[in-house]
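Undergrad: okay, here's the prediction I keep looking at, along with the sequence it came from:
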Protein chains: 4
Amino acid sequence: MKKLLVDVDCGVDDAQALMMALAVPDVQILGITCVQGNTSVENVCKNVLRVLKVCKHLEIPVFRGASKALLGQTVGAGDFHGKDGLGDAPDPEAPGLELVQKEIAASAMIRIVNANPGEVSLVATAPLTNVALAVKLDPSFPQKLKGLYIMGGNTDSRGNTTMCGEYNFAADPEAAYIVLNEFICPIYIATWEFTCRSKLPWEFCDGWLAQDTDKARFMKRIFKHSMESTYSERIEKELVDGQGFISCDSYAMAAAIDDTFIIETEHKAVTVELAGNCCRGMMVVDHLELLKKTHKAHILKKVDLQRFKVLMMNALK
Amino acid sequence: MKKLLVDVDCGVDDAQALMMALAVPDVQILGITCVQGNTSVENVCKNVLRVLKVCKHLEIPVFRGASKALLGQTVGAGDFHGKDGLGDAPDPEAPGLELVQKEIAASAMIRIVNANPGEVSLVATAPLTNVALAVKLDPSFPQKLKGLYIMGGNTDSRGNTTMCGEYNFAADPEAAYIVLNEFICPIYIATWEFTCRSKLPWEFCDGWLAQDTDKARFMKRIFKHSMESTYSERIEKELVDGQGFISCDSYAMAAAIDDTFIIETEHKAVTVELAGNCCRGMMVVDHLELLKKTHKAHILKKVDLQRFKVLMMNALK
Amino acid sequence: MKKLLVDVDCGVDDAQALMMALAVPDVQILGITCVQGNTSVENVCKNVLRVLKVCKHLEIPVFRGASKALLGQTVGAGDFHGKDGLGDAPDPEAPGLELVQKEIAASAMIRIVNANPGEVSLVATAPLTNVALAVKLDPSFPQKLKGLYIMGGNTDSRGNTTMCGEYNFAADPEAAYIVLNEFICPIYIATWEFTCRSKLPWEFCDGWLAQDTDKARFMKRIFKHSMESTYSERIEKELVDGQGFISCDSYAMAAAIDDTFIIETEHKAVTVELAGNCCRGMMVVDHLELLKKTHKAHILKKVDLQRFKVLMMNALK
Amino acid sequence: MKKLLVDVDCGVDDAQALMMALAVPDVQILGITCVQGNTSVENVCKNVLRVLKVCKHLEIPVFRGASKALLGQTVGAGDFHGKDGLGDAPDPEAPGLELVQKEIAASAMIRIVNANPGEVSLVATAPLTNVALAVKLDPSFPQKLKGLYIMGGNTDSRGNTTMCGEYNFAADPEAAYIVLNEFICPIYIATWEFTCRSKLPWEFCDGWLAQDTDKARFMKRIFKHSMESTYSERIEKELVDGQGFISCDSYAMAAAIDDTFIIETEHKAVTVELAGNCCRGMMVVDHLELLKKTHKAHILKKVDLQRFKVLMMNALK
Ligand SMILES: [Ca+2]
Ligand SMILES: [Ca+2]
Ligand SMILES: [Ca+2]
Ligand SMILES: [Ca+2]
């Protein structure tokens, strides 16, 4: 049984990643923590509950986390996932926020991992504010994790938010910096460039959405807005190596739940640039080993896209 | 009854501030939170317990907090207070760390203030890591405080640690930035320049230490190291307006416990410079109102030094 | 005979400083170099020619210099000196730009100083772009100067342009940095805080302008705009220690032409903060001697204001 | 006839680039300007004279330029090209520095281009200090150029000097920033990543050096040191996409002298990060068009390597 904690800013791709995990029999999600990002933390909580409802898993506890970045800013993710983060396709019968736990996200993370030492993989597909706070509250938190799977950061300075910065890192550079420095556990990173280079053809997406299930119909509704946006002038500039279906957060999730998914990684020390007019928030790969860090991250380079397609298809079955 | 929470990195002046508060009848210290700074957080906890023992107040709960700054660095305070923070004058019969509470500092702060809403003054005489974490965990924490009293920061770019930075702010600039931005409660700041300009004559100190009490003998032992250091070449360069007895942390404490202490403040928006080679960690006073902040801080300018002397004398009685 | 080179962005106080020098019998101005600042470099050239005309010294060569800062920005000085830098009180009979020399400012500086090695004092009352370019073109330029007299920079982080930055330094921080690092000659700095603290009473100004001379009438016309601005909300915030008549640039000039003017200086290493959101462009005084610079600057602290008044009065006689 | 100005910090690859140009019949080098970089500016001058001697072109004027970067630092290029920049293989009969012109590099550049308006291509294969000073002295300099060909900068944050910075840009970030902003003429950039991806096989190099000519014997002597260094642990980390023969500066030169060399470029706005702990000196490609720059650079992507090999072979014939 794979035990997961998932930290999300529940845009559409977070939803896709969650639905992928919820569909795998030997995966148990111990909790879902919410953080601002694609939308406000309230919306993120609501979106997670909607996903859990459609997947019939409302028993999984949902926790509210940070409503802004460590230094207080909120960096909007544009309108890509819609204002509400799920394509502005509201559900009048959505579960209410009273289902959200009282416990704060960072505390819940620590408690849950303490109860399952060495067994929990943390999948973080959002600005890393909650994750950073957990290690600040309990410096021993990382060493009790089985692994940390991140969607975020850059390898080639190809920004999708600032000139050189990927959204999850650029939205809270200090949090990303803390996490990359202090999480002394195996770290796997699906960067923006990696996800772009691992995109699927739109034809796959068509078949994926055409499945005759409630989950596929739900996904079709919430994904419409992003799919249309992807041919906008701005998004075209962000994309590395052209068009296609990029479910960013799902790559980090697939890595956490399927041991055969990752084919090749680069094992390098990484950090985050905190100052600068162009590069604040950019992930930096220390190819020259100038940082003298002993702890290195696994940067995803090549994955099994056939496995990925199967995981994706199953998510909506 | 004045209810206090005190956050310390218990060097000698934190000890002086604590002893001042402990000696005032209508002051109740609800908890003391510890953070690295003058020395390691373990030493800080030990030092606080030694102070409580000599003052016969070991019933006050002591909480362990952050062992490094938000971004992970530890900026030594030099050797001014000695390696152990209390003048390297150890006490073989000091209380043990088993007296420290299990609860983490930031959580304790939130719990205690929630139990006494609107009644607690938080006195922070150390790097602001714990205080910043409290607001990150609970954004409503500041508005439940009666006031926040800080020793730290600069008005005139006179550094005592970096070229332009005072120790408590320079040791964790991000924490100071968060606190100055997010504590929407009355804030009172005793800056480095203010404490230098409010120094007492060494003659006062002689009389203060000459009192025939256990507390005075304790202070004389732990203060010897700092007193001798104050005429060193380095400390001379740090001091603004020349020599004298400067119990930095005691000014913030006096402001919290005695409503007649403050005579004049400047009411200005303040922030902290986070980048830069010379100025990182420097407190910035927004005289030109370029920040457009509506919440402003009370920067101490003039205090009642006669009251201060009385409070100081009583501390060792 | 005192030989001067003067580098100006000819606002009203540059004009006052020039007129002070032009009125002293044993002072010879070898050239006036112009740089953008209070207004465009074209306006600066025009303004200098107007001053020279009213002082009957159009024989002094005027050189055009940089039209923007080293990194390309132009930081307007607000409207304090008027749009044209001289109070928007145009003179239809002003001399034309054809009187400006063909030689570029930095080259002229080098040539003139080479012809008078060890004899020339350079008075710089503007962004230091031209001065920095001179040392970049000829690294031996500074050691051939008798001295460098600068109006600019801060001692106490009291900005008049950015939060912590004085105009001349903030308008070209890299130039100021280069000059403070590479001018290995005696440097005298009249900072913003110093000039504020050395202000003259408005009553003096009244008598000064009331002299029955062409020069006084000229000054009265061009100064009207700034005098009225000084009681604006914004200027009130910039001023240190309250209102009065502050002819900033004239202090640097007085120091260059009268050996008895300076009573007290601080001899410290100085530099300029180049990064940072609040402090970029702020002059930094290295009180702690962390820069390990052997070359230090003379920061003006106390001057003979009686001498200053005499020099000022004579300027308009 | 193609007219060139060449600005070099004459390491071995600058020598290769110069020899390439000197071997092309319809290319005329109007002047060679020297700047510190791989070695001191004095060594650079000496190295250029040695190259001109072996190529029998000592009639080409050589000019001394900047001995340090704009802000005063000197960033050593490690020992890759040897301490003297030409493989530490001295020539006792090398020409003396008395052959260097008296005129300073930046002034010579301006004069030469003024005499050949619209006809001169400037090839810059070194820190851009001299080139930046030329535009600072004469803002109209760029528009009189035919084109600017630069070796330097990054596209993918792969540093060879700092974590993310290529040597020529990292050695003088402000100069690179000025040049990329103010040279409103066609700009062609051969970045570090591009040169790595356009490397030649070592077998080519063997044949190249095996030619029975004085030039080939000269190159063999001065190139030995770098060739041996290329398999060092450090250089292996710097290289993008593995080993091979990379004559960095020769790509910029080939682009300037052969109109058929460039096959594909990216036309993007570029700038340089000036702040930051990891990214200072990194070239930034503005894919998202956030800079709103109208002037864009041609970033080399694909070149005719067969043409390149011919040009290289001819260089040593
Ligand atoms: Ca996400
Ligand atoms: Ca303290
Ligand atoms: Ca001026
Ligand atoms: Ca080179």
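TA: Sure, I can see it. Ligands and ions are numbered 1, 2, ... in the order given.
Undergrad: so what's the residue of the stretch 101-250 of chain A at minimum distance from ligand 1 up against?
TA: Residue nearest to ligand 1 within the stretch 101-250 of chain A (CB to the ion): A:Thr125, separated by 4.2 Å. C-beta coordinates here come from the backbone N, C-alpha and C atoms, glycine included. Contact analysis of A:Thr125 by CB atoms under 8 Å, 6 or more residues apart in numbering or on different chains lists A:6-9, A:13-14, A:17, A:150-152, A:168, A:248-249, A:252-253.
Undergrad: of those, which fall within the contact range of ligand 4?
TA: Taking CB under 5 Å from the ion as the test, ligand 4 is in contact with none of these.
Undergrad: and which of these is nearest to ligand 4?
TA: Within the contacts of A:Thr125, the smallest distance to ligand 4 is 36.4 Å, found for A:Gly152 (CB to the ion).
Undergrad: give me the number of residues near the closest one?
TA: 31 (other CB atoms under 10 Å in any protein chain shown).
Undergrad: how close does it get to D:Val51?
TA: From A:Gly152 across to D:Val51, the span is 48 Å (CB to CB, to the nearest Å).
Undergrad: check which element follows the helix or strand bottoming out on mean pLDDT in chain A along the chain.
TA: The helix or strand of chain A with the lowest confidence, counting by mean pLDDT, DSSP states H and E, is helix A:233-238 at a mean of 93. Once the chain leaves helix A:233-238, the next helix or strand it forms, by DSSP states H and E, is helix A:248-257.
Undergrad: between helix A:248-257 and the helix or strand immediately after that next one in the chain, find me the angle.
TA: Moving toward the C-terminus from helix A:248-257, the first helix or strand encountered (DSSP H and E) is strand A:262-268. Between strand A:262-268 and helix A:248-257, the angle comes out at 100 degrees (axes from the mean of the first three to the mean of the last three CA atoms, to 10 degrees).
Undergrad: what helices or strands is strand A:262-268 leaning on?
TA: For strand A:262-268, the elements it packs on are strand A:297-303, judged by 3 or more CB pairs under 8 Å, 6 or more residues apart in numbering or on different chains; DSSP states H and E.
Undergrad: dump the strand it packs on to CSV, keeping only the CA atoms.
TA: Provided in CSV are the C-alpha atoms of strand A:297-303 (Å, rounded to 0.1, in the frame of the first residue of the first chain):
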residue,chain,number,x,y,z
ALA,A,297,17.5,16.0,-6.1
HIS,A,298,16.3,13.7,-8.8
ILE,A,299,15.3,15.9,-11.7
LEU,A,300,13.0,13.9,-14.0
LYS,A,301,14.4,13.6,-17.6
LYS,A,302,12.6,10.6,-19.2
VAL,A,303,9.5,8.8,-18.1
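Undergrad: restricted to strands, list the contacts of A:Thr125.
TA: Using DSSP state E, the subset of the contacts of A:Thr125 located in strands is A:6-8, A:150-151.
Undergrad: residues contacting the residue of the stretch 201-317 of chain A found nearest chain B?
TA: Nearest residue of the stretch 201-317 of chain A to chain B (CB to the nearest CB) works out as A:Ala275 at 4.4 Å. Neighbouring residues of A:Ala275 by CB under 8 Å, 6+ apart: B:274-275, C:275, D:275-277.
Undergrad: want to try TSV for those residues, with distance to ligand 3 as columns?
TA: Conversion of those to TSV gives the following (distance: CB to the ion, whole Å):
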residue	distance to ligand 3
B:Leu274	31
B:Ala275	28
C:Ala275	25
D:Ala275	28
D:Gly276	32
D:Asn277	35
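Undergrad: ligand 1 contacts on chain A?
TA: Contact residues (CB under 5 Å from the ion) of chain A with ligand 1: A:9, A:14, A:125-126, A:249.
Undergrad: near whichever residue of chain A sits closest to ligand 2, how many other residues are there?
TA: When scored by CB to the ion, chain A has A:Lys136 as its residue closest to ligand 2, at 20.4 Å. A:Lys136: 28 surrounding residues under other CB under 10 Å.
Undergrad: so what's it up against?
TA: By CB under 8 Å, 6+ apart, the residues touching A:Lys136 are A:178, B:66, B:70, B:133, B:136.
Undergrad: also A:Gln101?
TA: If you count contacts by CB under 8 Å, 6+ apart, then A:Gln101 has A:61-64, A:108 around it.
Undergrad: show the residue spans covered by the strands in the stretch 51-200 of chain A.
TA: Ranges of strands in the stretch 51-200 of chain A, per DSSP state E, counting those that start in this stretch, are A:62-64, A:120-125, A:145-151, A:187-190.
Undergrad: hmm, who's touching the first one?
TA: Going back to what we said before, that points to strand A:62-64. Residues outside strand A:62-64 that contact it (CB under 8 Å, 6+ apart): A:31-34, A:41-42, A:45, A:48-49, A:52, A:99-101, A:103-105, A:108-109.
Undergrad: just the buried ones from the residues you listed?
TA: Taking 16 or more other CB atoms under 10 Å in any protein chain shown as the criterion, what is buried in the contacts of strand A:62-64 is A:31-34, A:41, A:45, A:48-49, A:52, A:100-101, A:103-105, A:108-109.
Undergrad: surely A:Val272 touches A:Asp286?
TA: No - using CB atoms under 8 Å, A:Val272 is not in contact with A:Asp286, being 11.4 Å away.
Undergrad: comparing the two, which shows the higher neighbour count?
TA: Neighbour comparison, A:Val272 and A:Asp286: the larger count goes to A:Val272, with 29 against 20 (by other CB under 10 Å).
Undergrad: residues in contact with stretch A:204-224?
TA: A:12, A:15-16, A:19, A:54-55, A:82, A:86-87, A:89, A:227, A:245, A:309, A:312-313, A:315-317.
Undergrad: and the pLDDT at A:Glu119?
TA: We have a pLDDT of 98 for A:Glu119.
Undergrad: quick revisit: filter the ones in strands among the contacts of A:Thr125 to the buried ones?
TA: A:6-8, A:150-151.
Undergrad: A:Glu93: neighbour count?
TA: 7.
Undergrad: from A:Glu174, how far out is A:Ala132?
TA: Remark: distance between A:Ala132 and A:Glu174 (CB to CB) = 7 Å.
Undergrad: about what we covered before: could I get the contacts of A:Gln101 as CSV with pLDDT?
TA: Below are the contacts of A:Gln101 laid out as CSV (pLDDT from 0 to 100):
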residue, pLDDT
A:Pro61, 98
A:Val62, 98
A:Phe63, 98
A:Arg64, 98
A:Ala108, 98
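Undergrad: and the residues you listed, which is closest to D:Leu290?
TA: Proximity of the contacts of A:Gln101 to D:Leu290 (CB to CB) peaks at A:Arg64, which lies at 32.7 Å.
Undergrad: for the closest one, list each beta-bridge partner.
TA: With DSSP bridges as the criterion, A:Arg64 is bridged to A:Cys34.
Undergrad: can you pull the pLDDT of A:Gly78?
TA: What the model reports as pLDDT for A:Gly78 is 77.
Undergrad: wait, it touches A:Glu238, no?
TA: No - when contacts are counted by CB under 8 Å, A:Gly78 is not listed as touching A:Glu238 (9.5 Å).
Undergrad: excluding its backbone neighbours, what's nearest A:Ala106?
TA: A:Leu133 (4.0 Å; CB to CB, 6 or more residues apart in numbering or on different chains).
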